[in-house]
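Asker: need a structure here:
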Amino acid sequence: MKKKLLIIGGAGFIGHNIALKLKDDYEVFIIDSLGVNNYISLINNTDNLPYPKFSKAVLNDRVRLFEKNNLNIIIQDARDYHGLSIKINEIKPNIIIHLAAVSHANRSNKDPYSTFDHSLRTLENALDSARSQAQLEHFIYFSSSMVYGNFKQDFVDEETVCNPIDIYGALKFSCEKIVIAYNQVFDVPYTIIRPSALYGERCISRRVGQIFIENALFSKDIVIDGDGLEKLDFTYIQDLVSGVKAIIENEKSKNQIFNITYGEGRKIIDLIEILKKHFGKINLIKKERSKLIPKRGRLSGDKARELIGYKPAWNLDKGYNEYIEWYIDFFERNKKDIVS
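Answerer: Just a heads-up that it's a prediction; the model follows:
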């Protein structure tokens, strides 16, 4: 009998990719309100997405993949403690992956109330509902590389002291502490994942890699913060998903924190050079760098490699080219609906 895997916030960018990857190995359940970075937020475009028709086409493609792979979404707002508890008790999951959150630092800093409501409240509800589940083997929480704040050297590892500088990073770090506390008080086995600079198919979260491609497709200026020489550890979604699979399948992952990234610091301007190969001339505008963006670089993945056998396979040149090619193909196939 397959183990039951519940993904809270599973209709989002990360969640739906995890569900598609693990559907054959686990009985996958998805809980989502479709409210954050999803259909409901697109009704009045509350996230001020510049190309809402494009974003809707992407969401429709997610649904198509759900239907094709017999994955059903349980519509439930994770902010509703009793509603979420009832669903969890009905499912009786062996593994919970918690993704329900506002997944954008800029939005979090502009609207702290909504961020705490959708990120902290949902986590506390999920943990408190999960602690009474005798069959629960694993609670996996998605944090962020933003918890480290400004990198003091070229790389950080899981032992680096966290010193977040914005609301988003501080919230993620607080949530990590709450997850650990539920283990200490209620013996809930956990794993905390710290990803970095994610990119990949069917994302509408306005991550930097997505913004650059969309602006190139629509012949818009590409704006970068600072001189573009700053480095990020860009991580393709398929590497992150393989890391999640390794975490679920290895007992040594329990009660641990992992950087799940490609493990290489690359300049933001490198994205532009890759884009030029596909779009030719690009009009680049540089603006003053925000003080709330921490200076980052490479995240060491040595712990994940050694402890659970994590093997990232998509460097930026390979992964970003794959992403761009998907985007161009998707745009062409849906151009009639997108530009109408």
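
Asker: got the contact list for Val102?
Answerer: Counting by C-beta atoms under 8 Å, 6 or more residues apart in numbering, Val102 touches Val36, Ser108, Asp111, Ser114, Thr115, His118, Ser119, Tyr168. Yep, even glycine has a C-beta here, placed from its N, CA and C like the rest.

Asker: wasn't the last one part of a strand?
Answerer: In this case it means Tyr168. No - counting by DSSP: H, G, I helix; E, B strand; the rest coil, Tyr168 is located in no strand; its state is helix.

Asker: my guess is it meets Met146, correct?
Answerer: Yes - the pair formed by Tyr168 and Met146 meets the contact definition of C-beta atoms under 8 Å, at 5.6 Å.

Asker: distance of Gly200 relative to Trp326?
Answerer: With distances taken as C-beta to C-beta, to the nearest Å, Gly200 is found 9 Å from Trp326.

Asker: between the two, which is the more surrounded one?
Answerer: With neighbours defined as other C-beta atoms under 10 Å, Gly200 and Trp326 compare such that Gly200 has more, 24 against 14.

Asker: doesn't Leu20 make contact with the more buried one?
Answerer: No - using C-beta under 8 Å, Gly200 makes no contact with Leu20, being 11.7 Å away.

Asker: what helix or strand is the residue nearest the centre of the chain located in?
Answerer: Nearest residue to the geometric centre of the chain (C-alpha atoms, centre = their mean): Ile14, 4.7 Å. Element membership of Ile14 [criterion: DSSP states H and E] is helix 13-22.

Asker: who are the packing partners of that helix?
Answerer: strand 4-8, strand 27-32, helix 52-68, helix 237-249 (3 or more C-beta pairs under 8 Å, 6 or more residues apart in numbering; DSSP states H and E).

Asker: all helices for the protein, in order.
Answerer: 13-22, 39-43, 52-68, 81-91, 105-110, 112-115, 121-130, 167-186, 208-217, 237-249, 268-279, 302-308, 316-333, 335-338 (DSSP state H).

Asker: mind listing what Tyr81 touches?
Answerer: Tyr81 neighbours (C-beta under 8 Å, 6+ apart): Asn125, Asp128, Ser129.

Asker: how many residues are close by the second one?
Answerer: The local packing count at Asp128 equals 16, with neighbours defined by other C-beta under 10 Å.

Asker: now do the contacts for it.
Answerer: Tyr81, Ser85.

Asker: so how far is Ile97 from it?
Answerer: For Asp128 relative to Ile97 (C-beta to C-beta), the value is 17 Å.

Asker: now do Tyr323
Answerer: For Tyr323, the distance to Ile97 - C-beta to C-beta - is 23 Å.

Asker: thinking again about what came up before, among the helices and strands packed on helix 13-22, which is nearest Gln135?
Answerer: Nearest to Gln135, of all those, is strand 4-8, at 8.2 Å by C-beta to C-beta.

Asker: return the list of strands paired to the closest one, each annotated with direction.
Answerer: If you go by DSSP bridges, strand 4-8 pairs up with strand 27-32 (parallel), strand 95-98 (parallel).

Asker: most tightly packed of these?
Answerer: Here the criterion is mean neighbour count by mean count of other C-beta atoms under 10 Å, and of the strands paired with strand 4-8 the winner is strand 95-98, at a mean of 26.

Asker: restricting to C-alpha, output that one in PDB.
Answerer: Taking Å, rounded to 0.1, in the frame of the first residue of the first chain, the C-alpha atoms of strand 95-98 are listed here in PDB:
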ATOM      1  CA  ILE A  95       3.900  12.700   5.100                       C
ATOM      2  CA  ILE A  96       2.900  16.400   5.000                       C
ATOM      3  CA  ILE A  97       4.700  19.000   2.900                       C
ATOM      4  CA  HIS A  98       3.700  22.500   4.000                       C
END
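
Asker: that strand: how far from the chain's middle?
Answerer: Distance, stretch centre to chain centre, for strand 95-98: 14 Å (C-alpha atoms, centre = their mean, to the nearest Å).

Asker: avg pLDDT for that strand?
Answerer: In this model, strand 95-98 has a mean pLDDT of 98.

Asker: who touches that strand?
Answerer: 3-10, 15, 18, 26, 88, 122-123, 126, 130, 136-142, 244, 248.
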